[in-house]
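Colleague: build me a model from this:
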Amino acid sequence: MELSSVLEHVGSAIDVVGVAAIVLGAAFATWTAVAARVRSPGVAVYEQYRRSLGRSILLGLEFLVAADIIKTVAVTPTFTSVGVLALIVLIRTFLSWSLQLEIDGRWPWQRRTEADVPATPPAD
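Modeller: You can find the predicted model right below:
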């Protein structure tokens, strides 16, 4: 089997992992939110649900970018394919940063403050 064929299969497998991370993460976040709502009807679950869903999308995007890099650079390294890869990575990076801003309420390069760190309940 030729190396480019192996790398194409590896890239496709990482694509599947990325999509699975998004789908499974969305299902888990939804299941957790529904279960929390059923257990405690008065508890607001929306913010936690958004954070969990955003994290699964971020994780999936990271895998998808890695797969695109492998398939483009290792398999078809032409100027056109590298240009398309650069555009895809730029769009996905913008999506990742905007999702990170939505999840944390701050840009990734900003330091955490005391208000950003969740308080831990006292031990019994």
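Colleague: quick check, central residue of this protein?
Modeller: L58 (1.4 Å; Cα atoms, centre = their mean).
Colleague: how many neighbours does F63 have?
Modeller: 19 (other Cβ atoms under 10 Å). Any C-beta I mention is one placed from the backbone N, CA and C, and that applies to glycine too.
Colleague: the residue lying closest to it once chain neighbours are set aside and I57, how far apart?
Modeller: Excluding its sequence neighbours, the residue lying closest to F63 (Cβ to Cβ, 6 or more residues apart in numbering) is G18, at 3.1 Å. Per Cβ to Cβ, to the nearest Å, G18 is found 10 Å from I57.
Colleague: anything in contact with each of those two?
Modeller: Common contact partners of G18 and I57 (Cβ atoms under 8 Å, 6 or more residues apart in numbering): none.
Colleague: hmm, back to that, run through the residues that contact the residue nearest to the centre of the chain.
Modeller: Contacts of L58 by Cβ under 8 Å, 6+ apart are S96, L99, Q100, I103.
Colleague: which residues does S96 contact?
Modeller: L58, L61, E62.
Colleague: closest one of those to E8?
Modeller: E62 (19.9 Å; Cβ to Cβ).
Colleague: pretty sure that closest one contacts G18?
Modeller: Yes: E62 is within contact range of G18, at 7.5 Å (criterion: Cβ atoms under 8 Å).
Colleague: any idea which helix is longest in the protein?
Modeller: helix 3-39 (DSSP state H).
Colleague: chain center to the next helix or strand after that one, what's the gap?
Modeller: The first helix or strand that comes after helix 3-39 along the chain, using DSSP states H and E, is helix 46-69. On the basis of Cα atoms, centre = their mean, to the nearest Å, helix 46-69 sits 2 Å off its chain's mean C-alpha point.
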